[in-house]
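**Q** Whatever this is, show me its structure:
(one chain, ligands or ions: 2)
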Amino acid sequence: MPSGDNEWWRDAVIYQVYPRSFSDSDGDGLGDIPGIVSKVDYLDNLGVDAIWISPFYESPLLDGGYDVTDYRLVDPRLGEVADVEDLIDAAHAKDMKIFMDIVPNHTSSAHAWFQEVLHSEPGSPAWDRYVIKEGKGANHEIPPTNWQSVFHGDAWTPLVLANGEKTQYWYLHIFDSSQPDVNWENQEVRVEFESILKFWFDLGIDGFRIDVAHGLIKDQSFPDIDYESIPEQELLGDPILSPFWDQDGVHDVYRSWRKLADSYDTPRVFCGETWAPSPERLALYQRPDELHTSFNFDYLRAGFDAVKLKESVDSTLLNHKKVGAPATWVLSNHDIVRHATRMAPGQSDHPTEMPTPDNADRGLARARAATLFTLGLPGSTYLYQGEELGLPEVLELPGDARQDPVWFRTQGREIGRDGCRVPIPWSGDVASYGFGPCENSWLPQPDTWEHLSVQAQESGDTTLNFYRDALAQRREEQATGDGEFEWRMDEFTHPNDAILAYRRPHPTNPLTCIVNTEDGMWRVPQSFGTDVLISSGPEVAVVDSGDGEHLVLGPETAVWVRN
Ligand code: NOJ
Ligand code: MG
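**A** Ligands and ions are numbered 1, 2, ... in the order given. From the prediction side, this is the model:
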C-alpha cells in the first residue's frame, strides 16, 4: 500500500474533508483548519492514506468557498496559512498526504481581478482576464449566448461598473453570478495559476483536486446551445456536451501543470473533477503527461444496479488501461446526495422525501455493500466525510438555514446540496454533537443523530467499525489497489444478473469480492470457497446442504473471500 513512494496515488484511499462541516475549534459554528488538525489521529485510525480538503481560501463563502478572493490566503474564519502548515506536518507525521482544491475556472466577484474590471474602462487589459462579451440586440440587452448556468438561470450577467454605469457588456458565469469565469485564453491567467500552485507546493502540499477541470476553455466561436437535442447530465442537471465543457484546448493547460508538478523531488499530484461525456473522453485527461487521476462520475451514477456497475467498471478499466492510468472510484461527495440515502429503494438521485425507516436501513445496507465492492476495485478510492458513519442526507433543513446558491437561484424549487454538508456529529447527545465547543453549527443537525456520532460508534458492529475493518483489510491485502482484475460471473448463472463477483489475482493471496444486489439470500457456488475476510452486513453463513460447505450471502450484501 502507498507510503512514501512516488506512485502512492495509484492505489490510495483519499478522505474528503469539507472544512466548514468537519470540526469547529473556536465555536463560531464553522469548521476550521485547527479543527481538522485535531482530527488527524481519527483519520489515521480510520486508515486512510490521504486527505483532500475542499477550499479554505479567503472567500465570501457564497458557494462554500468555491468563490475565491485570494488564492494565497486562508479565510480568516477558517484559520491562516500557518495552520495549513501545521496540518501538513500533522498529516505527514502519520504518513498521510494532503490534497487541496484549486478553483481555476472562476474567481469570486470580490477577487481583486474582477474588482479591477469594475473600476476600469471597457476593453482595458483587466477585462481580458474574464470572459466578457457584448450583448446582442439593438441595445445589447440580450445575453451574448443562450448558455445556462449549472446553478440555473442565464450564465451571463450584465456588467455594471463600480460607479453604477451600465455597459454594453455581459460577463460569463457558468456557476453563480458571484463566480465570474476566468479567460484561459489570456496568458497572464495561466502564469498566475501556476504561480499559485507553486506557492502551495512549496509549502508542502502533495497535490490538488482541480475544480471543474473540464471547463476552463470555452469554444471561442461562442455558439448557442440547442438545449432540446442535448442529453441531460443526470446529477447536476447540466448538459455535458456544451461549448464550455471538455474542449480540446484544456489539455494544454494540464500538460503545463504536469511539468510543474514533476519538477519537485517528490512529484506533486493532480486529480481532476472532470465531468467528461464518455469514459473515452475522460481517459484523455489521464495521458502520461497530463493529470495523474480524475474523478469517475460515471461510476457514481450507476447506483446500486449490478448491470450498470459492471458496465461502468468495464469501460472505466478499459479506457484507463489505454493511457496507463489508474481508475478512481467515488460514491459520495459534497455535491451529491449521500449514498446511504440515494441508494435506498425507490429513491432518485434528487430525492425530496426521506425514505421510510425500512428503506433507509436498506439504503445503508446497500451503501455499505457498494463501498466494499468499490474498495476492492483496481485504483484509488475517495471517501466523503461522514459516509464512514453511515450519515443520511438531511432533506428537511429549514429554508432560512439553506445556503447553496442552487436554492437561491431556483427560488427554492430545488433544495440544492446543503443536505450532504451538515456538520459531522462527533460525540454527545445534543447538537452540535461535539462538532464545536458550542451548540451552534452553520447548518442545523437533526436532533436524532446521537447514535450516529463517532463516539456512539466506537464499539460494536457499527458502520464506523465496518469502514475501519475494510480499510485495514484493504491495506493488509496484497491484491488490492492498482493491478490485475477479472470477473467471475462465468462460474454461475443468475436470472436477473444481480450478482457481481470479481477476483484480484495474487499467487498466494488472491481476493474475491462478491456482491448480492437483490433483496434475497443467495447461495454462493462452492468454487468461491468459504473463507470470508470481511462482510458488509451480518447475514453471511457457511452452510452444508449435504453436498459440502458453501456460503450463503444475505440480501444487499458484499463480501471479500480469500479465493
Ligand atoms: C464543483 C464543486 O464541487 C462544487 O461544490 C462547486 O459549486 C462548483 N464546482 C463550482 O465551483
Ligand atoms: Mg470555527
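**Q** and the closest residue to ligand 2 within the stretch 401-550 of the chain, what element?
**A** Across the stretch 401-550 of the chain, no residue is closer to ligand 2 than G436, which sits at 6.3 Å (C-beta to the ion). All C-beta spots, glycine's among them, are computed from the backbone N, C-alpha and C. Secondary-structure assignment from DSSP states H and E places G436 in no helical or strand segment.
**Q** same question, E188
**A** Using DSSP H and E, E188 sits in helix 187-203.
**Q** Show me what that helix is packed up against.
**A** Packed against helix 187-203 by the contact rule (3 or more C-beta pairs under 8 Å, 6 or more residues apart in numbering; DSSP states H and E) you find strand 70-74, helix 81-93, strand 97-102, helix 250-262.
**Q** which residues does the residue of the chain found nearest ligand 1 contact?
**A** Closest residue of the chain to ligand 1, C-beta to the nearest ligand atom: Y66 (3.3 Å). Contacts here follow C-beta atoms under 8 Å, 6 or more residues apart in numbering; on that basis Y66 touches S54, P55, S59, D101, V103, F175, Q179, D211.
**Q** what's the pLDDT at the fifth one?
**A** Confidence per residue is given as pLDDT, and for V103 that number is 98.
**Q** mind listing what the closest residue to it other than its chain neighbours touches?
**A** Counting by C-beta to C-beta, 6 or more residues apart in numbering, V103 lies nearest to D211, which is 4.4 Å off, once chain neighbours are set aside. Applying C-beta under 8 Å, 6+ apart, we find D211 in contact with P55, Y66, D101, I102, V103, P104, N105, E273.
**Q** For ligand 2, see how far away D211 is.
**A** Separation of D211 from ligand 2 (C-beta to the ion, to the nearest Å): 23 Å.
**Q** cool, G346 as well?
**A** For G346, the distance to ligand 2 equals 38 Å [C-beta to the ion].
**Q** what residues are up against that residue?
**A** Going by C-beta under 8 Å, 6+ apart, G346 touches P355, N359.
**Q** Low-confidence ranges, the stretch 451-563 of the chain, go.
**A** For the stretch 451-563 of the chain, no stretch has pLDDT under 70.
**Q** Show the residue spans covered by the strands in it.
**A** With strands called from DSSP state E, counting those that start in this stretch, the stretch 451-563 of the chain shows them at 486-487, 499-504, 511-516, 522-523, 532-535, 540-544, 549-553, 557-562.
**Q** which residues does the residue nearest to the spatial centre of the chain contact?
**A** Per C-alpha atoms, centre = their mean, the C-alpha nearest to the average position across the chain is that of N333, at 4.0 Å. If you count contacts by C-beta under 8 Å, 6+ apart, N333 has them with Q16, Y382, Y384, C420.
**Q** Kindly report the residues of the stretch 51-200 of the chain close to ligand 1.
**A** Contact residues (C-beta under 6 Å from any ligand atom) of the stretch 51-200 of the chain with ligand 1: D63, Y66, V103, F175.
**Q** Of those, which belong to helices?
**A** Under the assignment DSSP state H, those contribute nothing to helices.
**Q** would CSV of those with distance to L30 be doable?
**A** CSV is the format used below for these (distance: C-beta to C-beta, whole Å):
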residue, distance to L30
D63, 15
Y66, 16
V103, 19
F175, 21
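**Q** out of the residues you listed, which is most surrounded?
**A** In terms of neighbours by other C-beta atoms under 10 Å, those top out with V103 at 28 neighbours.
**Q** ok, that one to ligand 2 distance?
**A** For V103, the distance to ligand 2 equals 21 Å [C-beta to the ion].
**Q** does F270 sit in a helix, a strand or a coil?
**A** strand (DSSP: H, G, I helix; E, B strand; the rest coil).
**Q** Surely it touches H292?
**A** Yes: contact status for F270 versus H292: in contact at 5.5 Å, counting by C-beta atoms under 8 Å.
**Q** overlap in contacts of these two?
**A** Joint contacts of F270 and H292 (C-beta under 8 Å, 6+ apart) are G207.
**Q** Got the domain ranges for this structure?
**A** The chain breaks down by automatic domain parsing into domains covering 5-107+186-468, 112-172, 484-561.
**Q** what's the spacing between the second one and its chain's center?
**A** Taking C-alpha atoms, centre = their mean, to the nearest Å, one finds domain 112-172 lying 31 Å from the centre of the chain it belongs to.
**Q** helix, strand or coil for Y382?
**A** Following three-state DSSP, Y382 is assigned to strand.
**Q** Enumerate the beta-bridge partners assigned to it.
**A** I14, V330 (DSSP bridges).
**Q** Understood, closing this out.
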